[in-house]
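**Student:** A predicted structure for the sequence below; I have some questions about it.
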Amino acid sequence: MKFSAVSTDIVKSLANIISVVPSKSTLPILENVLFELKGNDLTLTASDLEISMSLGMPVSGMEDGRIAIPAKKLNEILRALPETDVTLDADLSNSKIVLKTDAAEYKMSGENASNFPEIESVSEEFSLELESELLRSIIGITSFAVSTDDLRPSMKGVLFQWKEKEFRAVATDGHRLVRVIHSG
């Protein structure tokens, strides 16, 4: 796999996705970001097996492929660089990665992409469009009732339900219950 891109563009994409990468995991592969290159489209994927995120970015693709790259290490290297063109060349046979700029060359080891967990894609039948201010308001109204008790993980979030023309958000900590219904 081989591609070129501007270092700051990769840093911006990594900044968005790195929050999903666990710092310590019983599965070391989860501490990586999966890089998938097809033509000039690079897809970055991260998961902690509960939350998964994928995002795409345009690059100058030279050789298609897939490899898992240590997220924190790559982020540290790229953040230390000034805005410059970077070429990432990965030897998929031994998972060795070379990151080249005009001034330096960095070498690191990645992992075979086949070890990365498969992420289920979301189909259009489950998509929903909401104005960001409406979603922010709904989360603001319900979040005070979310439990902070680690022994009750099922109550540590907001339940979102949608039916044909109705959107509901429900949160409880076992003492308080909040339900917001939006018809639209």
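**Tutor:** Sure thing, it's come through. Numbering: from 1, shown residues only.

**Student:** need the helices for this protein, in chain order.
**Tutor:** 7-17, 71-80, 132-142 (DSSP state H).

**Student:** off-centre distance for the first one?
**Tutor:** It refers to helix 7-17. 11 Å (C-alpha atoms, centre = their mean, to the nearest Å).

**Student:** on contacts alone, who are the packing partners of that helix?
**Tutor:** strand 41-47, strand 52-58, helix 71-80, strand 85-91 (3 or more C-beta pairs under 8 Å, 6 or more residues apart in numbering; DSSP states H and E). C-beta coordinates here come from the backbone N, C-alpha and C atoms, glycine included.

**Student:** most packed of the ones you listed?
**Tutor:** strand 41-47 (a mean of 21; mean count of other C-beta atoms under 10 Å).

**Student:** name the residues that touch that one?
**Tutor:** Strand 41-47 is contacted from outside by 3, 5, 13-14, 17-18, 20-21, 30, 32-37, 52-59, 61, 71, 116-117, 119, using C-beta atoms under 8 Å, 6 or more residues apart in numbering.

**Student:** hmm, 7 Å instead?
**Tutor:** 3, 13, 17, 20-21, 30, 33-36, 53-59, 71, 117, 119 (C-beta atoms under 7 Å, 6 or more residues apart in numbering).

**Student:** stretch 59-76 now?
**Tutor:** By C-beta under 7 Å, 6+ apart, stretch 59-76 touches 1-5, 14, 18, 21, 29, 31-40, 42, 46, 90, 92, 95, 97, 108, 110-111, 113, 115-116.

**Student:** just the buried ones from the residues you listed?
**Tutor:** 1-3, 5, 14, 18, 21, 29, 31-37, 42, 46, 90, 95, 97, 110-111, 113, 116 (16 or more other C-beta atoms under 10 Å).

**Student:** residue 98 and residue 35, how far apart?
**Tutor:** Residue 98 sits 14 Å away from residue 35 when distances are taken as C-beta to C-beta, to the nearest Å.

**Student:** so what sits against both of the two?
**Tutor:** Between them, residue 98 and residue 35 share no contacting residue under C-beta under 7 Å, 6+ apart.

**Student:** just name the shakiest helix or strand of this structure by mean pLDDT.
**Tutor:** strand 159-163 (a mean of 88; mean pLDDT, DSSP states H and E).

**Student:** for that strand, buried residues please.
**Tutor:** residue 160.
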